[in-house]
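**Q** pasted the sequence and its predicted model underneath.
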Amino acid sequence: MVEENLKIELGKQGVFVTTIEELYNWGRRSSVWPMQFGLACCAIEMIATTMARYDLARFGAEVFRPSPRQADLMIISGTVTKKMAPQVVRLYNQMAEPKYVIAMGACAISGGPFKQGYNVLKGIDRYIPVDVHIPGCPPRPEALLQAFLTLQKKIDGQHLTGEGRPRHLDAEAQGEFPVPHQGEHDLEPTSNKGVWTVPVVIR
Amino acid sequence: MASSPYFPLAVLFLAALGFGLAPLGLAWLWARVFSPAKPNAIKNAIYECGLESQGDAWMQFRSAYYLYAIIFLIFDVEAVFLLPFAVAFTGLDAAACAAMLFFVLMLIEGLAWAWAKGVLTWA
């Protein structure tokens, strides 16, 4: 390991020092391809983010893939209805590792204005692990860019071995996320115990 | 061999080839050695639009769809051929005109047949 200060000094002299881990993480974070799908009004903001004015391409994420097999990032852009949730979870399952999730907007993170409704999922993190949550209704493109940069920072900070290594390098990590189905009154199961713990309501 | 004028070119070619193949090879090696595969039934499903595939792709279509095919031919393909025919009309000889008329009449016959059969009446 090279010390950070020494690295900066060497960089000033024109010597570039790196590690495999840094190189690997640089590659991972610089080409995160999102999956091309939108769920509600947040999707319009997501589309705006990819267009020339906000230009997500600056961060290497302009290639929206229409197939989960080729995508790295799932942007849950909008309200996830209980009708739609199984499809979203199934698509997440079909993405190749490593895969990341950004929950965009109030609906995706908690159900938002529809939280008290009967047909809206109260946050997609009940079924799949979310890396970055962005509040807003809808969040502005700048917020999505911020979320994306946060995700890049998260990828950059991951060590490839030991505790807390990325899920795709961990043979023990969960690979299959159960797809809920429509039950009599609600989705069954109502949440994935592996990724979400039911909050205890204190009265 | 080193004196050949093409020698630098060969070196550059090999370098270019290595530049392309090395990352691919490293990626393959990394996937093989370090990255554990996590296949499961959902991931390996052939259908990738979020829904589960139902039934068999080798199904038979109703033969009644031939009506749609005929109507499509009449209204769509005819328009495609009519436009160049109309543009080149003044420069055509009698034989070409007759051929085109024959073609149009055949399609009109199809239209008359469909009309008589009541296909054009929307329920």
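**A** Everything's here; your move.

**Q** where along chain B do the helices fall?
**A** In chain B, the helices defined using DSSP state H lie at B:7-33, B:66-72, B:78-87, B:94-117.

**Q** from the middle of its chain, how far away would the second one be?
**A** Right, the one you point to is helix B:66-72. Offset of helix B:66-72 from its chain centre (CA atoms, centre = their mean, to the nearest Å): 20 Å.

**Q** so what does that helix touch, helix or strand wise?
**A** Helix B:66-72 makes packing contacts with helix B:94-117 when contacts are defined by 3 or more CB pairs under 8 Å, 6 or more residues apart in numbering or on different chains; DSSP states H and E. For glycine as for every other residue, the C-beta is placed from the backbone atoms N, C-alpha and C.

**Q** next: the longest one.
**A** Other helices and strands packing on helix B:7-33, by 3+ CB pairs under 8 Å, 6+ apart, are absent; none qualifies.

**Q** try the last one
**A** Of the remaining helices and strands, those touching helix B:94-117 by 3+ CB pairs under 8 Å, 6+ apart are helix B:66-72, helix B:78-87.

**Q** ok, of those helices, where does mean pLDDT dip lowest?
**A** The minimum mean pLDDT among the helices and strands packed on helix B:94-117 belongs to helix B:66-72 (a mean of 82).

**Q** rewinding a little: need the helices and strands packed on helix B:94-117 in a markdown table (columns: distance to B:R32 and mean neighbour count).
**A** What follows is the helices and strands packed on helix B:94-117, written out as a markdown table (distance: least, CB to CB, whole Å; neighbours: other CB atoms under 10 Å in any protein chain shown):
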| stretch | distance to B:R32 | mean neighbour count |
| --- | --- | --- |
| helix B:66-72 | 51 | 12 |
| helix B:78-87 | 53 | 12 |
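
**Q** include distance to A:K153 when you put the ones you listed into JSON lines, please.
**A** Below are the helices and strands packed on helix B:94-117 laid out as JSON lines (distance: least, CB to CB, whole Å):
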{"stretch": "helix B:66-72", "distance to A:K153": "55"}
{"stretch": "helix B:78-87", "distance to A:K153": "56"}
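
**Q** among those helices, which is nearest A:M46?
**A** helix B:66-72 (37.5 Å; CB to CB).

**Q** can you list contacts of that closest one?
**A** B:110, B:114, B:117, B:119 (CB atoms under 8 Å, 6 or more residues apart in numbering or on different chains).

**Q** wait, the second one touches B:I74, no?
**A** Think B:A114. Yes. Between B:A114 and B:I74 there is a contact under CB atoms under 8 Å: 7.5 Å.

**Q** who has more neighbours out of the two?
**A** B:I74 (19 against 15; other CB atoms under 10 Å in any protein chain shown).

**Q** show me the contacts for the more buried one.
**A** Contacts of B:I74 by CB under 8 Å, 6+ apart are B:107-108, B:110-111, B:114.

**Q** now do 7 Å
**A** Each residue near B:I74 by CB atoms under 7 Å, 6 or more residues apart in numbering or on different chains is listed here: B:107, B:110-111.

**Q** just to revisit the earlier point, turn the contacts of helix B:66-72 into JSON lines, columns for pLDDT.
**A** Below are the contacts of helix B:66-72 laid out as JSON lines (pLDDT from 0 to 100):
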{"residue": "B:G110", "pLDDT": "84"}
{"residue": "B:A114", "pLDDT": "85"}
{"residue": "B:K117", "pLDDT": "85"}
{"residue": "B:V119", "pLDDT": "78"}
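
**Q** closest to chain A among the residues you listed?
**A** When the contacts of helix B:66-72 are ranked by distance to chain A (CB to the nearest CB), B:V119 comes first, at 36.7 Å.

**Q** how many neighbours does the closest one have?
**A** Residues near B:V119, counting by other CB under 10 Å: 15.

**Q** noted, bye for now.
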